[in-house]
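Q: Provided below are the primary sequence and the corresponding predicted coordinates.
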Amino acid sequence: MTNEQKEADKDYKVRGGTLIKRTYKEAWAKAWAGASVEKRDEFLNLPNFDADIFREITGIDVNQSEK
């Protein structure tokens, strides 16, 4: 949890944290951003991998360079 989330929810310690809701594409973006180059390459090197279908499902454009 971020400090802001802890300030907004003083009872987080009682529950042991909080549930953060994300959309499917938000979750993919967070996972992809945290993935190592090796893990990303595992996806990209799958047989029949299609970057357009991957973008449609996850919202991640693997052909776009990272900012």
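A: That came through, no problem.
Q: nearest the middle, which residue of the protein would you pick?
A: Lys30 (2.0 Å; C-alpha atoms, centre = their mean).
Q: burial measure for the nearest residue to it once chain neighbours are set aside, as a count.
A: Computed as C-beta to C-beta, 6 or more residues apart in numbering, the closest residue to Lys30 that is not its neighbour in sequence is Arg22, at 7.0 Å. The C-beta positions use only the backbone N, C-alpha and C, and glycine is treated the same way. Residues lying near Arg22 (other C-beta atoms under 10 Å) number 10.
Q: ramachandran angles for Arg22?
A: Phi and psi for Arg22, reported as degrees, to the nearest 10, are phi -130, psi 150.
Q: just the C-alphas of stretch 1-16, formatted as PDB.
A: Below are the C-alpha coordinates for stretch 1-16, written out as PDB (Å, rounded to 0.1, in the frame of the first residue of the first chain):
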ATOM      1  CA  MET A   1       0.000   0.000   0.000                       C
ATOM      2  CA  THR A   2       1.100   3.500  -0.700                       C
ATOM      3  CA  ASN A   3       1.400   6.000   2.200                       C
ATOM      4  CA  GLU A   4      -1.600   7.900   0.700                       C
ATOM      5  CA  GLN A   5      -3.700   4.700   0.800                       C
ATOM      6  CA  LYS A   6      -2.600   4.100   4.400                       C
ATOM      7  CA  GLU A   7      -3.600   7.600   5.400                       C
ATOM      8  CA  ALA A   8      -7.000   7.200   3.800                       C
ATOM      9  CA  ASP A   9      -7.700   3.900   5.400                       C
ATOM     10  CA  LYS A  10      -6.600   3.800   9.000                       C
ATOM     11  CA  ASP A  11      -8.000   0.300   9.600                       C
ATOM     12  CA  TYR A  12      -5.700  -1.400   7.000                       C
ATOM     13  CA  LYS A  13      -3.600  -3.000   9.800                       C
ATOM     14  CA  VAL A  14      -6.700  -4.800  11.200                       C
ATOM     15  CA  ARG A  15      -7.400  -6.300   7.800                       C
ATOM     16  CA  GLY A  16      -3.700  -6.900   6.900                       C
END
